[in-house]
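**Student:** sequence below, structure please.
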Amino acid sequence: MSNTIGPGTARPVPGVSAAYQPSCRARRSGGQPIRQLMACALENPDLISLAVGLVDPETLPTTAARDALAALLQDPRAARAALQYGTTPGHPPLREWLLQRTAVLDSSGPAISPDQVVITAGSNQLLHLVSESLFDPGDIVLCASPTYFVYLGLVGGLGVRAIGVAGDAHGLIPEALEDTLARFDAAGELPRVKAVYLVPYFDNPAGTTMPAQRRSAVVEIAKRWSQRNKIHVISDEAYRELRYEGDDLPSPRVWDEEADTVIVAGTFSKSFSPGIRVGWGILPRHLIAPVNEQKGNVDFGSPNFNQYLMAKVLELGLWEPHLERIRAGYRQKLATALAAAEQYLSPLAGVDWIRPQGGLYIWVRLPPGMDAGMSGALFAAAVRQGVLYVPGEYCYPGAGEPVCRHSLRLSFGVQSCAKIREGVEKLARAIAAVSSGCG
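**Tutor:** Purely as a prediction, here's the structure:
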């Protein structure tokens, strides 16, 4: 008697359970470094963590959220609407506010319409939806080296090849991008290159900010190399609001005159509250349908109540004062971290760092040959001293530019100024001990 129910489909045998094998995507998504770092922090609760990239819990807007919530719930009609399903693209008043804000910030850029704005559960969901809409397994995304390691994990889970492009203290180098595209063209792989990923404002992890000339050049290069297939520029602007000195710079979309190349990802997680989980995207018109169709299959629209709440925060004028308060606090923390680095790290041979103008991170380079990875002597020495950092090697794509293992990321967002200073001093002790062979 046949044991099959269709071509190539084995009939289950009663009482026998086949071994479960995770899907290819699930297997590709495993082994993310954040889990190891969190486990290390939990095992050593007295550590000063300069690793975690969270916002300062003391700055979370409890009063503003309470006032906005009370105002929202006082209107029965609005409250019922907030508690109902919303639309897939998101709450129209919130999208309209984002459209108007974009028109003010990037006034010289191409005009956008409300249907080009989509609300997501944080900017990471937007990055995921866009990546699902752009890439097939085996396709290529070009990233600065180093870059946001969560995005590397995201595209890796989709079977996408992330290729590192050389960067410096001002972010991705346009000439290096040009050379990389030329190499893929010569190898016959240019059609697999679908996007360039940028974090142009106070990059996570390196804290770099791309000058306007580089932003313009990257957009021009992507357009020029799009003769055979479209190469998009994904501009992850999660930290744009966290500027502590200097003037704001236009988004790369300003140089996208045809509005067909640059995708913008933004979020209120850093500038207001990560728990509310409200992010957004500004899309070229040809991506509106693919992204919203993907989104409709995932969630029918991001949490509607959260969107109404965030819109009420904006309507009541509660966001801007909160943003000014957190900028002032982070400005002081950054100054403390840089002063501590000058005092404790500068005397150490071969140690230097990038001085950011905003964001939450400082990128530190160590003497060549000093391994900052979790299996290296420095990581163990730092934990013994009582401080935790993110090894820089996690922030490099697996191909392209070589991985710099003598680098690390420090975050000053969560700790107090006193703890930041103490943490940098402990890190300096660990580096000194390893350098002297006593680590």
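**Student:** can you give me the strands in the stretch 101-250 of the chain?
**Tutor:** Under the criterion DSSP state E, counting those that start in this stretch, strands of the stretch 101-250 of the chain are mapped to 117-120, 140-145, 161-168, 171-172, 193-198, 232-236.
**Student:** out of those strands, nearest to residue 321?
**Tutor:** strand 117-120 (23.0 Å; C-beta to C-beta). Placement of C-beta: from N, CA and C, glycine included.
**Student:** the closest one: how far from the chain's middle?
**Tutor:** Relative to the centre of its chain, strand 117-120 is centred 17 Å away, using C-alpha atoms, centre = their mean, to the nearest Å.
**Student:** show me the shaky parts of the stretch 251-400 of the chain.
**Tutor:** The stretch 251-400 of the chain contains no residues with pLDDT under 70.
**Student:** just the helices in it please.
**Tutor:** Counting by DSSP state H, counting those that start in this stretch, the stretch 251-400 of the chain has helices at residues 285-299, 304-315, 319-340, 377-385.
**Student:** got CSV for the ones you listed, with mean neighbour count and distance to residue 83 too?
**Tutor:** Formatted as CSV, the helices of the stretch 251-400 of the chain follow (neighbours: other C-beta atoms under 10 Å; distance: least, C-beta to C-beta, whole Å):
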stretch, mean neighbour count, distance to residue 83
helix 285-299, 16, 16
helix 304-315, 22, 6
helix 319-340, 17, 23
helix 377-385, 20, 46
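**Student:** tabulate the ones you listed (a markdown table), appending distance to residue 354.
**Tutor:** Compiled in a markdown table, those are given as follows (distance: least, C-beta to C-beta, whole Å):
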| stretch | distance to residue 354 |
| --- | --- |
| helix 285-299 | 33 |
| helix 304-315 | 32 |
| helix 319-340 | 10 |
| helix 377-385 | 19 |
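**Student:** relative to residue 117, which of the ones you listed is closest?
**Tutor:** The nearest among the helices of the stretch 251-400 of the chain, by C-beta to C-beta, is helix 285-299 at 9.5 Å.
**Student:** angle of the closest one against strand 232-236?
**Tutor:** Angle, helix 285-299 to strand 232-236, by axes from the mean of the first three to the mean of the last three C-alpha atoms, to 10 degrees: 60 degrees.
**Student:** for helix 285-299, which outside residues touch it?
**Tutor:** Outside helix 285-299, the residues within contact range by C-beta atoms under 8 Å, 6 or more residues apart in numbering are 88-89, 115-116, 118, 120-121, 129-130, 132-133, 259-260, 263, 281, 283, 301-302.
**Student:** try 10 Å this time
**Tutor:** When contacts are defined by C-beta atoms under 10 Å, 6 or more residues apart in numbering, helix 285-299 is touched by residues 87-90, 112-113, 115-121, 125-126, 128-134, 230, 232, 259-260, 263, 281, 283-284, 301-302.
**Student:** mind listing what the spatially most central residue of the chain touches?
**Tutor:** Central residue of the chain (C-alpha atoms, centre = their mean): residue 148, 5.3 Å from the mean position. Neighbouring residues of residue 148 by C-beta under 10 Å, 6+ apart: 53, 124, 127, 154, 197-199, 203-206, 236, 238, 395.
**Student:** now those in TSV, with neighbour count and distance to residue 247?
**Tutor:** Formatted as TSV, the contacts of residue 148 follow (neighbours: other C-beta atoms under 10 Å; distance: C-beta to C-beta, whole Å):
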residue	neighbour count	distance to residue 247
53	18	25
124	20	28
127	24	27
154	19	32
197	27	25
198	26	19
199	29	19
203	29	18
204	27	21
205	27	24
206	31	21
236	25	21
238	26	19
395	29	28
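**Student:** between those residues, which sits nearest residue 161?
**Tutor:** Checking the contacts of residue 148 one by one against residue 161 (C-beta to C-beta), the nearest turns out to be residue 197, at 12.3 Å.
**Student:** export the strands of the stretch 101-250 of the chain to TSV and tack on distance to residue 385 and mean pLDDT?
**Tutor:** Formatted as TSV, the strands of the stretch 101-250 of the chain follow (distance: least, C-beta to C-beta, whole Å; pLDDT from 0 to 100):
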stretch	distance to residue 385	mean pLDDT
strand 117-120	40	98
strand 140-145	29	97
strand 161-168	30	97
strand 171-172	32	96
strand 193-198	35	98
strand 232-236	33	98
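**Student:** in CSV: the ones you listed, plus distance to residue 347.
**Tutor:** Formatted as CSV, the strands of the stretch 101-250 of the chain follow (distance: least, C-beta to C-beta, whole Å):
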stretch, distance to residue 347
strand 117-120, 46
strand 140-145, 28
strand 161-168, 24
strand 171-172, 29
strand 193-198, 35
strand 232-236, 35
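**Student:** of the contacts of helix 285-299, just the buried ones, ChimeraX syntax please.
**Tutor:** Provided next is the ChimeraX selection string for whichever of the contacts of helix 285-299 are buried by 16 or more other C-beta atoms under 10 Å:
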select :87,88,89,90,112,116,117,118,119,120,121,125,126,128,129,130,131,132,133,134,230,232,259,263,281,283,284,301,302
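**Student:** re the thing from before, tell me which of the strands of the stretch 101-250 of the chain lies nearest to residue 271.
**Tutor:** That would be strand 232-236 among the strands of the stretch 101-250 of the chain, by C-beta to C-beta, at 14.4 Å.
**Student:** contacts only, for the residue nearest to residue 48 when sequence neighbours are not counted.
**Tutor:** Of all residues not flanking residue 48 in the chain, residue 423 sits nearest, at 3.9 Å (C-beta to C-beta, 6 or more residues apart in numbering). Contact analysis of residue 423 by C-beta under 10 Å, 6+ apart lists 47-51, 337, 340, 344, 382, 385-389, 410, 412, 415.
**Student:** what angle do the helix or strand hosting residue 423 and helix 377-385 make?
**Tutor:** Per DSSP states H and E: residue 423 is located in helix 417-435. Calculated by the same axes, to 10 degrees, helix 417-435 forms an angle of 130 degrees with helix 377-385.
**Student:** which parts of helix 417-435 are buried?
**Tutor:** Judged by neighbour count using 16+ other C-beta under 10 Å, the buried positions of helix 417-435 are 417, 419-435.
**Student:** repeat for stretch 266-278
**Tutor:** 266, 267, 268, 269, 270, 271, 272, 273, 276, 277, 278.
**Student:** got it, and stretch 214-223?
**Tutor:** Using 16+ other C-beta under 10 Å as the test for burial, stretch 214-223 gives 214, 215, 216, 217, 218, 219, 221, 222, 223.
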